[in-house]
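Colleague: Mind folding the following:
(one chain, ligands or ions: 2)
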Amino acid sequence: MKKYLQKITVGALILCFLCTGCASKSRVHHSMDTAMGTIINQTIYVSGGMGTAETISGEILSCIETLEKEQLSWRLESSLLYQVNASAGSSEAFPLGSLLGEVLEQCKKVYAASDGAFDFSIGRVARLWNIDEWAAVNGDGESISFVPPTDAQLAEALAFVGGDRSVVEGEYVRLPKGMQLDLGAVGKGIALDEIKKLLEQREEVTGAVISVGGSILTYGSKPEGGTWNVGIVNPHDTAQSLGTLRLTGQWCISTSGDYERFIEVDGIRYHHILDPRTGHPADSGIRSVTILTKDGLLSDALSTACFVLGVEEGLALAEQFQAQALLVDTQGDIHMTTGMEQYFYLSNSEK
Ligand code: ADP
Ligand code: MG
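Modeller: Ligands and ions are numbered 1, 2, ... in the order given. Take a look at the predicted model:
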């Protein structure tokens with residue numbers, strides 16, 4: 001693993017993708033919507049007419065909404081995850097179905113490899129922080145009278161956290177009493193995997209870039225050729241781009257950054273990526289992590305895990321999964337896996 005350090009005053013997430021020189025206008029469709037509590041941006045190239053592209057874009061949106069409503073939401077009673085959580089403590093194993101069965105199996109792998117830095121059973125602690133309410137107040141904790149949980153409350157909740165104590169057997173799961181699963185760290189990545197399957201069944205689609213919040217799927221190619229250019233946000237100045245990933249074909253790119261969801265109260269800034277060892281927002285010297293892999297769930301899980309682990313252990317974890325990683329630390333230094341260097345172009349630099 002080679003460490004790439006470059007002193008800069010800026011840092012990272014992904015949101016903009018630059019479709020430079022879109023060729024035939026009649027064959028590309030752009031849309032922006034909200035789903036899964038985040039912004040969905042779609043650019044779809046088709047060999048058929050505009051109607052085809054619009055239909056496919058609508059199918060992708062409903063795919064994301066259905067996934068949230070029927071499978072992944074911890075909040076909606078209609079979802080399978082809600083029912084799994086309600087079954088905690090039961091002696092009967094709960095049937096998951098193939099999607100959630102595979103998801104939990106993958107989650108357990110990343111949990112084990114990251115030594116619990118990514119913990120899908122963090123629900124009880126995440127609920128204490130009330131993270132979902134933060135977006136509405138744009139960081140201003142005073143306006144919702146946000147009170148951070150006490151150490152005693154966190155310790156009590158942490159007693160119900162520990163992914164290794166959940167039992168996943170094929171398509172069945174058993175949770176110990178009080179445990180609550182939270183797939184917030186992987187939901188957007190899972191959505192990318194489902195979207196990819198959908199695109200593969202639509203042969204009219206020649207290329208696409210779909211972003212679900214900070215997770216992005218690139219697919220196929222542009223009519224005029226060239227790379228998909230995925231911008232990485234500078235976490236030290238989120239209005240600025242840190243650089244660009246230039247990619248061809250199918251990739252999943254996920255970024256976890258401390259600027260995505262945060263709240264300030266009494267001059268203290270809290271963010272939404274929690275260290276399962278302490279229950280507090282992770283404090284590993286990292287501002288953002290971008291992961292590049294072929295698999296959406298993995299890219300999303302690893303971005304969270306690497307954020308919690310910090311530079312050295314984070315890079316090692318990514319390498320273990322043959323994923324590429326780019327981490328920006330609190331000093332503004334960039335650290336990359338060796339394989340990432342061929343894709344990343346720093347803003348305002350020649351390469
Ligand atoms: P984002 O949702 O902005 O993409 P992440 O993918 O890093 O960011 O996921 C953060 C969400 O995942 C939190 O809102 C919380 O619900 C949950 N979470 C926080 N810390 C962890 C962790 N260490 N392991 C697993 N899930 C976590
Ligand atoms: Mg994540």
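
Colleague: Enumerate every residue touching whichever residue of the stretch 1-150 of the chain sits closest to ligand 2.
Modeller: Using C-beta to the ion, the closest approach of the stretch 1-150 of the chain to ligand 2 is made by Phe118 at 7.9 Å. C-beta here means a position set from N, CA and C on the backbone, and glycine is covered the same way. By C-beta atoms under 8 Å, 6 or more residues apart in numbering, Phe118 lies in contact with 107, 110-111, 185, 301-302, 304-305, 308.

Colleague: Nearest to Gly207 among those?
Modeller: Set against Gly207, the nearest of the contacts of Phe118 by C-beta to C-beta is Leu302 (25.4 Å).

Colleague: thinking the closest one is in contact with Thr293, fair?
Modeller: Yes - the pair Leu302 / Thr293 is scored as a contact, 7.2 Å apart, by C-beta atoms under 8 Å.

Colleague: Neighbour count: these two, which is higher?
Modeller: Leu302 (34 against 23; other C-beta atoms under 10 Å).

Colleague: Close to ligand 1 as well: tell me which of the contacts of Phe118 qualify.
Modeller: With the criterion set as C-beta under 6 Å from any ligand atom, the members of these near ligand 1 are 185, 304, 308.

Colleague: OK, contacts around the first one?
Modeller: By that I understand Ala185. 118, 120, 256, 273, 300-301, 304.

Colleague: mind checking which helix or strand Asp300 is in?
Modeller: Using DSSP states H and E, Asp300 maps to helix 296-309.

Colleague: Tell me where the stretch 201-350 of the chain has helices.
Modeller: Ranges of helices in the stretch 201-350 of the chain, per DSSP state H, counting those that start in this stretch, are 296-309, 311-320.

Colleague: deepest of these, which one?
Modeller: Mean neighbour count (mean count of other C-beta atoms under 10 Å) peaks for helix 296-309 among those, with a mean of 29.

Colleague: Quick one: work out the angle between that helix and helix 311-320.
Modeller: Here helix 296-309 points in a direction 160 degrees away from that of helix 311-320 (axes from the mean of the first three to the mean of the last three C-alpha atoms, to 10 degrees).

Colleague: Summarise which helices and strands helix 296-309 is packed against.
Modeller: Packing partners of helix 296-309 (3 or more C-beta pairs under 8 Å, 6 or more residues apart in numbering; DSSP states H and E): helix 97-113, helix 187-200, strand 215-220, strand 251-257, strand 286-293, helix 311-320, strand 324-329.

Colleague: Is it positioned near ligand 2?
Modeller: Yes - applying C-beta under 5 Å from the ion, one finds helix 296-309 touching ligand 2 at 300, 303-304.

Colleague: Between these, which sits nearest Val233?
Modeller: When these are compared against Val233 (criterion: C-beta to C-beta), the nearest one is Ser303, at 13.1 Å.

Colleague: What distance do you get for that closest one to His335?
Modeller: Distance of Ser303 to His335, computed by C-beta to C-beta, to the nearest Å: 14 Å.

Colleague: show me the contacts for the residue in the stretch 101-250 of the chain that ligand 1 sits nearest to.
Modeller: Going by C-beta to the nearest ligand atom, ligand 1 is nearest to Gly184 of the stretch 101-250 of the chain, at 2.9 Å. Taking C-beta under 8 Å, 6+ apart, we find Gly184 in contact with 74, 126, 131.
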